[in-house]
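*Asks:* Predicted structure and sequence below. I'll ask about it afterward.
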Amino acid sequence: MKFRLSDRQVGVLFMLPLIIAVGVFLVWPIAEAVRLSFVRYNPLRPDDQPFVGLDNYLFVLDDPLFWESFYQALVWTGWSTVLQALIGVGLALLLHQPLKGMNAFRGLLLFPYIVPTVVIALNWRWLFNSEIGIVNHLLMSAGVIDERIAWLSTPSMAMASAILLNVWKYTPFVVIVVLARLQTIPTELYDAAKVDGAGALRRFRDITLPQLAEVLAVVIVFRTIWTFNKFEEIYLLTRGGPGTSTYNLALYAFDQSIANLRMGVGAAAGVIMLLLLLAGSMLYIRVSGFGREDKAA
């Protein structure tokens with residue numbers, strides 16, 4: 001007897017590797033983090049994991065460093081996401097123009113995005129070094145500043161330097177997504193607007209921006225989530241310093257888990273981050289009206 005699979009069974013077989021990967025690399029780590037957040041766990045004593053209820057969450061919420069980290073995470077995420085969106089849209093509009101050599105610029109645009117973060121961070125530390133950094137040298141040579149700026153050892157400048165690194169590296173992602181959407185907008189819309197006497201600014205406001213709205217909503221949600229969770233850039237660039245001036249929630253969870261050997265507290269901080277991002281993303285999507293047209297249709 002010949003054995004045959006139905007289309008539904010074939011579809012399940014094709015999806016099985018993805019289901020396994022999601023279960024192993026997403027569902028299980030989240031479930032384990034939630035479990036750890038309710039126990040006292042020291043990795044030096046792995047067999048001793050007493051249940052402590054909400055004690056880890058209460059410790060986190062009562063810790064002033066957590067709230068300082070939360071505020072700085074908002075500053076880090078907010079400025080990075082807004083600048084990436086604004087610069088990304090501007091560059092995408094520029095690269096969408098039918099000018100000679102644009103394909104080469106589009107290729108070069110990917111360079112920051114594909115370079116490993118550790119390489120960028122180490123080069124950034126050299127560029128912004130207060131004594132031998134080329135940034136201070138160029139600014140002083142141009143007469144913009146009279147004395148060297150301590151970019152990475154002054155609280156406000158350290159955060160600004162970290163934000164600038166994030167913007168430089170991840171703006172190409174925004175450009176690629178927005179540029180792809182720009183290329184699908186029918187040119188007839190712009191031709192009709194020109195016939196009606198609409199200028200460039202009005203065409204952008206009435207045609208381009210509405211067409212980009214849904215894409216920008218998705219991009220902002222993704223960039224907010226990824227930036228809020230970012231650890232390696234700040235850790236490699238400033239280690240959260242000077243002091244705790246660039247400390248964010250990812251570094252807080254890392255230090256609690258690894259440096260202080262309080263895995264339960266670190267897991268509780270991670271779960272709180274997850275809930276904050278989930279609530280913030282849902283609120284933003286609701287306010288922005290993403291998908292509302294599809295439901296209406």
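*Replies:* Good, I have the coordinates.
*Asks:* for stretch 47-58, which positions count as buried?
*Replies:* Gln49, Val52, Asp55, Asn56, Tyr57 (16 or more other C-beta atoms under 10 Å). The C-beta positions use only the backbone N, C-alpha and C, and glycine is treated the same way.
*Asks:* Secondary structure added to those residues, as a markdown table?
*Replies:* Converted to a markdown table, the buried residues of stretch 47-58 look like this (DSSP: H, G, I helix; E, B strand; the rest coil):
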| residue | secondary structure |
| --- | --- |
| Gln49 | coil |
| Val52 | coil |
| Asp55 | helix |
| Asn56 | helix |
| Tyr57 | helix |
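*Asks:* Any regions of this structure where pLDDT drops low?
*Replies:* When residues are selected by pLDDT under 70, those of the chain lie in 1-3, 289-297.
*Asks:* list the helices and strands the helix or strand hosting Ala217 packs on?
*Replies:* Assessed by DSSP states H and E, Ala217 sits inside helix 209-228. If you count contacts as 3 or more C-beta pairs under 8 Å, 6 or more residues apart in numbering; DSSP states H and E, helix 209-228 packs onto helix 64-95, helix 155-182, helix 263-288.
*Asks:* now the angle from the first one to helix 209-228?
*Replies:* Angle between the axes of helix 64-95 and helix 209-228 is 140 degrees (criterion: axes from the mean of the first three to the mean of the last three C-alpha atoms, to 10 degrees).
*Asks:* Please point out which parts of helix 64-95 sit buried.
*Replies:* Buried residues in helix 64-95 (16+ other C-beta under 10 Å): 66, 68-70, 72-73, 76-77, 79-81, 83-85, 88-89, 91-93, 95.
*Asks:* who does that helix touch, helix- and strand-wise?
*Replies:* Looks like helix 64-95 contacts helix 102-109, helix 155-182, helix 209-228, helix 249-254 (3+ C-beta pairs under 8 Å, 6+ apart).
*Asks:* go on, the second one?
*Replies:* Secondary-structure packing of helix 155-182 (3+ C-beta pairs under 8 Å, 6+ apart): helix 64-95, helix 102-109, helix 111-114, helix 117-127, helix 209-228, helix 232-237.
*Asks:* Run through the residues that contact the closest residue to Ala267 other than its chain neighbours.
*Replies:* For Ala267, ignoring the flanking residues on the chain, the nearest one in space by C-beta to C-beta, 6 or more residues apart in numbering is Leu36 at 3.8 Å. The neighbours of Leu36, taking C-beta atoms under 8 Å, 6 or more residues apart in numbering as the test, are Met263, Gly264, Ala267.
*Asks:* and the first one, what does it touch?
*Replies:* Yep, that's Met263 we're talking about. Counting by C-beta under 8 Å, 6+ apart, Met263 has contacts Leu36, Tyr41, Asn42, Pro43, Ser257.
*Asks:* same question, the second one
*Replies:* Under the criterion of C-beta under 8 Å, 6+ apart, the neighbours of Gly264 are Leu36, Ser37, Phe38, Val39, Arg40, Tyr41, Val52, Asn56.
*Asks:* Among those residues, which one sits closest to Gly199?
*Replies:* Ser37 (55.8 Å; C-beta to C-beta).
*Asks:* Quick one: residues contacting that closest one.
*Replies:* Applying C-beta under 8 Å, 6+ apart, the residues near Ser37 are Asn56, Tyr57, Gly264, Ala267, Ala268, Gly270, Val271.
*Asks:* swap the cut-off to 6 Å and go again
*Replies:* Asn56, Ala267, Ala268, Val271 (C-beta atoms under 6 Å, 6 or more residues apart in numbering).
*Asks:* Most neighbours among these, which one?
*Replies:* Counting neighbours by other C-beta atoms under 10 Å, Ala268 comes out on top of the contacts of Ser37 with 28 neighbours.
*Asks:* distance of it from Leu65?
*Replies:* 14 Å (C-beta to C-beta, to the nearest Å).
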